[in-house]
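[1] pasting a predicted model and its sequence here:
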Amino acid sequence: MVQGISRALKPGGRFVAEFGGKGNVESVVAAMEYGLEALDLPRHGANPWYNPSIAEYSALLEKHGLEVRQASLFHRPTRLEDGKNGLATWVRMFGDSFLKRVPQARRPDYLRAVEAAGKPTLWKSDAWELDYRRLRLAAWKTVSPGPVVAVKIPPQSVG
């Protein structure tokens, strides 16, 4: 994806983005992985999300000719709608890579296990509040200085 962004930008062009950063929905992922384990289902490879650190994503951008000039990683706790059903609704909406491992008949058990695992950290008195972390950055495509030309300087006579 970064290679395509770099190709699309002209020298001096700017790329601005915000997406899930390191630690994004970490407690939710742990709860969904626990739910799989509770039902003796494999969890390896279920998490489809890439949530990089500032350093990791900056290095990737720089490798493709973009200079990161601004970057921040910040918490954005997100309260879910739907009260006590909010986490199960979120998992159904965004957790397909986890849910597809669970046979249809066992999905209610899976969702209960996810809620039980997430409740100590994610339940806030009357609603679920997810641990979103966002990475926001701005990078510019570097302007190539052009080819380097070697110039031979004749020796100076000392005299």
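    Happy to help now that I have it. Residues are numbered from 1 along each chain as shown.

[2] elements contacting the lowest-mean-pLDDT helix or strand in the chain?
    Across the helices and strands of the chain, mean confidence by mean pLDDT, DSSP states H and E is lowest for helix 2-8: a mean of 91. Helices and strands touching helix 2-8, by 3 or more CB pairs under 8 Å, 6 or more residues apart in numbering; DSSP states H and E, are helix 54-63, strand 66-75. Backbone N, C-alpha and C define where each C-beta goes, glycine included.

[3] tell me the buried residues in stretch 74-84?
    Judged by neighbour count using 16 or more other CB atoms under 10 Å, the buried positions of stretch 74-84 are Leu80.

[4] per-residue pLDDT, the most centrally placed residue in the chain?
    By CA atoms, centre = their mean, the chain has its centre lying nearest to Asn51, at 2.3 Å. Looking at Asn51, its pLDDT reads 97.

[5] pretty sure Leu60 sits against Pro52.
    Yes - Leu60 is within contact range of Pro52, at 7.4 Å (criterion: CB atoms under 8 Å).

[6] would you turn the helices and strands packed on helix 2-8 into JSON lines with distance to Leu130 and mean pLDDT?
    JSON lines is the format used below for these (distance: least, CB to CB, whole Å; pLDDT from 0 to 100):
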{"stretch": "helix 54-63", "distance to Leu130": "21", "mean pLDDT": "96"}
{"stretch": "strand 66-75", "distance to Leu130": "11", "mean pLDDT": "97"}
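
[7] between those, which one is closest to Glu26.
    Nearest of the helices and strands packed on helix 2-8 to Glu26, taken as CB to CB: strand 66-75 at 11.1 Å.
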